[in-house]
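Novice: after the sequence you'll find the predicted model.
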Amino acid sequence: MSRRLRRKVVKKGKEKVVLPSYPEIENDDGGLGFENKGFANWTSLPDDTVIQLFSCLNYRDRANLASTCRTWRLLGASPCLWNSLDLRAHRCDSAAAASLASRGMNLQKLRFRGQETADAIIHLQARGLREISGDYCRKINDATLSVIAARHEQLESLQLGPDFCEKITTDAIKAIAVCCPKLNKLRLSGVKDVHGDAIDALAKHCRNLTDLGFMDCLKVEELALGNILSLRFLSVAGTTNLKWGLISHLWGKLPNLTGLDVSRTDITPNAASRLFASSQSLKVLCALNCSALEQDVTFFATYNNNNNINNKGKLLLAQFSDIFKGIASLFADTSKNKRDVFFEWRNGKNKDKNLDMIMNWLEWALSHTLLRIAESNPQGLDTFWLKQGAALLLSLMQSSQEDVQEKAATALATFVVIDDENASIDCGRAEAVMRDGGIRLLLNLARSWREGLQSEAAKAIANLSVNANVAKAVADEGGINILSSLARSMNRSVAEEAAGGLWNLSVGEEHKGAIAEAGGVKSLVDLIFKWSAGGDGVLERAAGALANLAADDKCSMEVALAGGVHALVMLARNCKFEGVQEQAARALANLAAHGDSNSNNAAVGQEAGALEALVLLTKSPHEGVRQEAAGALWNLSFDDRNREAIAAAGGVEALVALAQSCSNASPGLQERAAGALWGLSVSEANSIAIGREGGVAPLIALARSDAEDVHETAAGALWNLAFNPGNALRIVEEGGVPALVHLCASSVSKMARFMAALALAYMFDGRMDEFALIGTSSESTSKSVSLDGARRMALKHIETFILTFSDPQSFSAAAVSSAPAALAQVTESARIQEAGHLRCSGAEIGRFVAMLRNPSSILKSCAAFALLQFSIPGGRHAVHHATLLQSVGAARVLRGAAAAATAPIEAKIFARIVLRNLEHHQMEQSI
């Protein structure tokens, strides 16, 4: 896989990062405290300037800066810097929390992630906490939540979600009500059953409770909710089993209810109308993705024709309505661009407290609901996303509420995804984000010092960059530099998402060089060493990006120089996660693919444990891992030393076993298994070992594949194996002749047909006869008869193959003319372009030269045709082959073949062309 998508919130626990700019603080003499040598005297900065600097840093960087001197340590502990704490990026156990206790005396706001940190919260001893917000709360239980509530009596806001709080029950909610009487905001997601006694406890003890949310619950006691008279905002989005007839009667009597979110529920048109009619205070009903409303044509028409407003001036927000226009109607001035309603409100000078409360709640409700809709990705929402959903998310990304920004960015990353396994996105949605200025907004968020925003923005950039047009826009806006910087983050989540962005951007050839120039290669390699233990997600993305970059010759050298070979081999050897193994093997395969232009192929082979690790990965239970490991061994086998080392590491046995087991596997795995055996079989010792281990039969089976790439590599392997007479006989006995004949006659690949013909020529040039005659006389007779039939079949199809490259008119012209143009025309029509990449040994070249003397005119033509392909000037190994031909005295044999009266015209013309090629190479060498 060359790219990666991140669809949902993970369910498991180049320069410096650009920070917000601030005006420079000048000292008395108008300077910045620079010494004569041009260095900044940081100790001369005023205390308030240092504190301002601290406030722009995340907690990790703040701690690092505070450790530089005693003065800054004291300033770094200033109470104003510790009224808010975000622990989501950190593993915070009881000991870590206790170490922070001295700084948490004035802590007002806390964000955390997961059960371990929840258990540790009480050790912060921050009894004055006002706000607690947590996610990844599936394992948090009643005991933990009750203790948190009991230790923080001043709590005003508690939010857990958006993932489900599956272990929290009514008992914990009652404890919260009793212990936290000042609570004014409570939002819980995924509680299975909210009983009436818990809600009654909230009504009794939390008299200031104005904002309540029970989202995605299985059951909520509707009657009890009608008793919380202080409520202004209520959300039951995604909650099931609600009795709408009862709700429309009871909740309409709540005296202060201003906003109600029933999105993703089965609310009926009648219930919605009755709520509007019975409630004097209700101003906004948020009902996105409510199928019963959307399918009622009359209800749809009524609100659509009245700009989402009913006859009492109350606002309905639904997918069929113009949401921007509806929200704009809440304001007195409706003349401005409706799409700018959130921007105008945030920057307006005349503030209305009640309206501000509604808008803040709406931002939260919309961000939560749009994220949930994006995650479930229901059918039929394309029009909604394109017309207003994407624009809504972009508006919410500019909110002053950090959790709203994060949810909007996550939803943006999610709603474009069609299939995260196959890394496919909806191009229309992605480009809608780009057209509305979303790329610049996301990159600005990625520059934030808040690591939560950095992570979610980087994830969105990564997913959107699957689209080539968006990727170009990201690069044009400076996104590569930003992602390369974020990849250096000490926050694993940030680094992981940034690496994912570089992974997807590196698919484009035009971005590879820019990533290298931005220091992205070094950042990615460093990530592997930094998170070598316990960072499967970041390791997979870093290895995937390096794999893409290594496909480029220049970048592959950068990867090697940055220590990438050692890093990737370390992953292949030690990591047990299949995604990491697959990408590490793919990266090593790409590094080894540049054997002629750099030394990476040899370097990978010489890295301790590399070949053994790759051989072991061919036995992985995961097909993708086996495929990439086989591909790496294939590429590495082009190096002579690697070829023998692979065999010594058990590669022959492993690859034969892989070929035997992949008859029903993907064409990619089949191709690489056959290709690796092809590469190893260049060595005669390996060729004999492959035959002895049973490699002939599976290669014959793969040669019958309908996939061109598969039967091409299988034909190459069988060609090499057939050089050995013992293997040639095995091929005949295993039924390989019909398979090769079929390839020779019908494959769409010229290379497959060529190599099949060469394999057949090896098998029937006479060297196999002595093996075929071993045994009793009766066995000898039957084998002889069988071989005679196979020989006739093979020679017939070799001849047919050669004749497909024989144009009678050009051959006749070449036969009567010695003009170079005539031979050049034949060469051009006979040339198989890919054959120029084949490299033959001296023994193989010698065998084709000997074949020119074979009694069979067909084999003479075949040998001359093969030598023509191997010696054409410009071929990758043409000079090497010309040298070998000269060393075995081929010129004399070629002249004899060209002049032989009984030789077919094809053999004569092809022999003349080979002679001409040799003359050309001799002239080149003499210059």
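Specialist: Thanks, I have it. Because the structure is a prediction, the values reported are computed rather than measured.
Novice: SS state for Ala432?
Specialist: Per DSSP: H, G, I helix; E, B strand; the rest coil, the local secondary structure of Ala432 is helix.
Novice: how many other residues sit next to it?
Specialist: Neighbour count for Ala432, taken as other C-beta atoms under 10 Å: 19. The way it works is simple: take the backbone N, C-alpha and C, and place the C-beta from them, glycine included.
Novice: what's the helix or strand for the spatially closest residue to it that is not a sequence neighbour?
Specialist: If the residues on either side of it in the chain are set aside, Ala432 comes closest to Ala390, at 4.6 Å by C-beta to C-beta, 6 or more residues apart in numbering. Using DSSP states H and E, Ala390 maps to helix 390-396.
Novice: for the stretch 601-750 of the chain, what spans make up the helices?
Specialist: 610-617, 623-636, 640-648, 651-661, 667-680, 684-692, 696-703, 708-722, 725-733, 736-746, 750-763 (DSSP state H, counting those that start in this stretch).
Novice: I'd like those written out as a markdown table, with mean pLDDT, distance to Phe214 and mean neighbour count added.
Specialist: Supplementary listing: these in a markdown table, determined by pLDDT from 0 to 100; distance: least, C-beta to C-beta, whole Å; neighbours: other C-beta atoms under 10 Å:
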| stretch | mean pLDDT | distance to Phe214 | mean neighbour count |
| --- | --- | --- | --- |
| helix 610-617 | 97 | 48 | 24 |
| helix 623-636 | 97 | 42 | 27 |
| helix 640-648 | 95 | 61 | 18 |
| helix 651-661 | 97 | 52 | 24 |
| helix 667-680 | 97 | 48 | 27 |
| helix 684-692 | 96 | 66 | 20 |
| helix 696-703 | 97 | 59 | 24 |
| helix 708-722 | 96 | 56 | 28 |
| helix 725-733 | 93 | 71 | 22 |
| helix 736-746 | 96 | 67 | 21 |
| helix 750-763 | 96 | 64 | 27 |
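Novice: so the closest residue to Asp403 other than its chain neighbours is in which element?
Specialist: For Asp403, ignoring the flanking residues on the chain, the nearest one in space by C-beta to C-beta, 6+ apart is Ser133 at 6.6 Å. Using DSSP H and E, Ser133 sits within strand 131-135.
Novice: let me see the mean pLDDT of that strand.
Specialist: pLDDT averaged over strand 131-135 equals 95, rounded to a whole number.
Novice: contacting residues around Lys283?
Specialist: Each residue near Lys283 by C-beta atoms under 8 Å, 6 or more residues apart in numbering is listed here: 258-259, 314-315, 330, 358.
Novice: apply 10 Å and report the result again.
Specialist: For Lys283, the contacting residues are 257-260, 312-315, 330, 354-355, 358, taking C-beta atoms under 10 Å, 6 or more residues apart in numbering as the criterion.
Novice: count the residues that sit near the closest residue to Arg488 other than its chain neighbours.
Specialist: Of all residues not flanking Arg488 in the chain, Ser523 sits nearest, at 5.2 Å (C-beta to C-beta, 6+ apart). By the measure other C-beta under 10 Å, the count of residues near Ser523 is 26.
Novice: Leu212 now?
Specialist: By the other C-beta under 10 Å criterion, the neighbourhood of Leu212 contains 23 residues.
Novice: quick check: phi and psi on it?
Specialist: Comment: the main-chain dihedrals of Leu212 come out as phi -130, psi 130, following degrees, to the nearest 10.
Novice: ok, now how distant is it from Cys575?
Specialist: With distances taken as C-beta to C-beta, to the nearest Å, Leu212 is found 46 Å from Cys575.
Novice: my guess is the residue nearest to Arg488 contacts Gly501. True?
Specialist: No: shown here, Ser523 and Gly501 do not form a contact pair, counting by C-beta atoms under 10 Å, at 11.5 Å.
Novice: which residues do those two both contact?
Specialist: Counting by C-beta under 10 Å, 6+ apart, the residues touching both Ser523 and Gly501 are 483-484, 486-487, 545.
Novice: go through these and say which is closest to Ile802.
Specialist: Proximity of the shared contacts of Ser523 and Gly501 to Ile802 was ranked by C-beta to C-beta; the top entry is Ala545 with 47.2 Å.
Novice: what's the farthest-apart pair in the shared contacts of Ser523 and Gly501?
Specialist: Taking C-beta to C-beta as the measure, the shared contacts of Ser523 and Gly501 reach their widest spread between Leu486 and Ala545, a distance of 12.8 Å.
Novice: of those two, who's got more company?
Specialist: Between Leu486 and Ala545, counted using other C-beta under 10 Å, the more crowded position is Ala545 (35 against 29).
Novice: mind listing the helices for the stretch 51-200 of the chain?
Specialist: Secondary structure of the stretch 51-200 of the chain by DSSP H, counting those that start in this stretch: the helices cover 59-66, 70-76, 94-100, 114-120, 142-151, 170-179, 196-205.
Novice: of the ones you listed, which is nearest Asp340?
Specialist: Asp340 lies closest, by C-beta to C-beta, to one member of the helices of the stretch 51-200 of the chain: helix 59-66, at 35.1 Å.
Novice: tell me the angle of the strand holding Ser133 relative to helix 142-151?
Specialist: 160 degrees (axes from the mean of the first three to the mean of the last three C-alpha atoms, to 10 degrees).
Novice: please begin residue numbering at 339 from this point
Specialist: With 339 as the first residue, the last one maps to strand 469-473.
Novice: just checking, what packs against strand 469-473?
Specialist: Counting contacts by 3 or more C-beta pairs under 10 Å, 6 or more residues apart in numbering; DSSP states H and E, the secondary-structure elements packed against strand 469-473 are strand 447-451, helix 452-458, helix 480-489, strand 495-498, strand 523-527, helix 740-753.
Novice: switch the ones you listed over to a markdown table; also include distance to Cys628.
Specialist: Below are those laid out as a markdown table (distance: least, C-beta to C-beta, whole Å):
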| stretch | distance to Cys628 |
| --- | --- |
| strand 447-451 | 31 |
| helix 452-458 | 33 |
| helix 480-489 | 31 |
| strand 495-498 | 24 |
| strand 523-527 | 18 |
| helix 740-753 | 18 |
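Novice: adding mean neighbour count and distance to Ala436, write these out as TSV.
Specialist: Rendered in TSV, the data for the helices and strands packed on strand 469-473 read as follows (neighbours: other C-beta atoms under 10 Å; distance: least, C-beta to C-beta, whole Å):
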stretch	mean neighbour count	distance to Ala436
strand 447-451	21	15
helix 452-458	20	8
helix 480-489	19	14
strand 495-498	21	23
strand 523-527	23	28
helix 740-753	26	27
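Novice: can you list these in a markdown table and add mean pLDDT?
Specialist: Written out in a markdown table, the entries for the helices and strands packed on strand 469-473 read as follows (pLDDT from 0 to 100):
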| stretch | mean pLDDT |
| --- | --- |
| strand 447-451 | 93 |
| helix 452-458 | 91 |
| helix 480-489 | 95 |
| strand 495-498 | 97 |
| strand 523-527 | 97 |
| helix 740-753 | 94 |
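Novice: on that earlier part again, let's have the helices of the stretch 939-1088 of the chain in CSV, adding distance to Glu878.
Specialist: Shown next, in CSV, are these (distance: least, C-beta to C-beta, whole Å):
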stretch, distance to Glu878
helix 948-955, 15
helix 961-974, 11
helix 978-986, 25
helix 989-999, 23
helix 1005-1018, 19
helix 1022-1030, 33
helix 1034-1041, 30
helix 1046-1060, 26
helix 1063-1071, 40
helix 1074-1084, 38
helix 1088-1101, 34
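Novice: to Ile1210, which of those helices lies closest?
Specialist: Ranking the helices of the stretch 939-1088 of the chain by proximity to Ile1210 (C-beta to C-beta) places helix 1088-1101 first, at 13.3 Å.
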